[in-house]
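Q: I'd like to go over a predicted model; first the sequence, then the structure.
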Amino acid sequence: MSEALQLLAMEFIKQAIIVLVPIVVALIAKMAVDVWAKIKAAKPDLAEAIEKAAKFAVSASEQVGLTAEIQKTSEQKLQYAVELAQKYLDAKGLKNVDVGLLVNAIEAAVKDADYPHVAE
């Protein structure tokens with residue numbers, strides 16, 4: 001394959017990625033919303049417990065992130081929040097809750113909390 005053809009192919013792939021990534025992300029977000037709606041309908045008590053755990057964990061991780069002792073990155077805060085939410089749910093007798101559900105609930109709680117420094 002000639003160098004010009006390789007460059008053309010690479011540019012095409014780059015442009016395709018630019019177009020396709022937002023579409024894929026939107027589809028994944030839509031699927032997550034649909035799954036959450038099904039869980040809320042099928043197991044409202046579990047969904048409520050997960051939402052409470054997420055709000056508690058977000059609040060706690062934001063407080064830890066603001067202390068002079070440790071400035072946590074958003075990934076560290078998310079990991080900390082997931083761990084806190086899991087401990088909260090374990091204490092409520094709800095063990096082995098899917099981490100993906102917790103992450104989605106925590107991200108929703110962050111958005112709902114409307115922290116001024118959180119980008120949308």
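A: That came through fine. Numbers count the residues shown, from 1 in each chain.

Q: which SSE is residue 28 in?
A: If you go by DSSP states H and E, residue 28 is part of helix 3-42.

Q: list the buried residues in that helix.
A: Of all the residues in helix 3-42, those buried under the rule 16 or more other Cβ atoms under 10 Å are 32, 36, 39. Just so you know, the C-beta spots here come from the backbone N, C-alpha and C atoms, and that holds for glycine as well.

Q: I'd say the second one and residue 102 touch.
A: It refers to residue 36. No - the pair residue 36 and residue 102 does not pass the contact test of Cβ atoms under 8 Å, sitting 11.4 Å apart.

Q: quick revisit: out of the buried residues of helix 3-42, which one sits closest to residue 76?
A: Each of those was scored against residue 76 by Cβ to Cβ, and residue 32 proved nearest at 22.2 Å.

Q: phi, psi for the spatially closest residue to the closest one that is not a sequence neighbour please.
A: Closest residue to residue 32 in three dimensions, ignoring its sequence neighbours and counting by Cβ to Cβ, 6 or more residues apart in numbering: residue 104, at 5.3 Å. Residue 104 has phi and psi values of phi -60, psi -40 when expressed as degrees, to the nearest 10.

Q: got the domain boundaries for this structure?
A: 1-42, 44-120 (automatic domain parsing).
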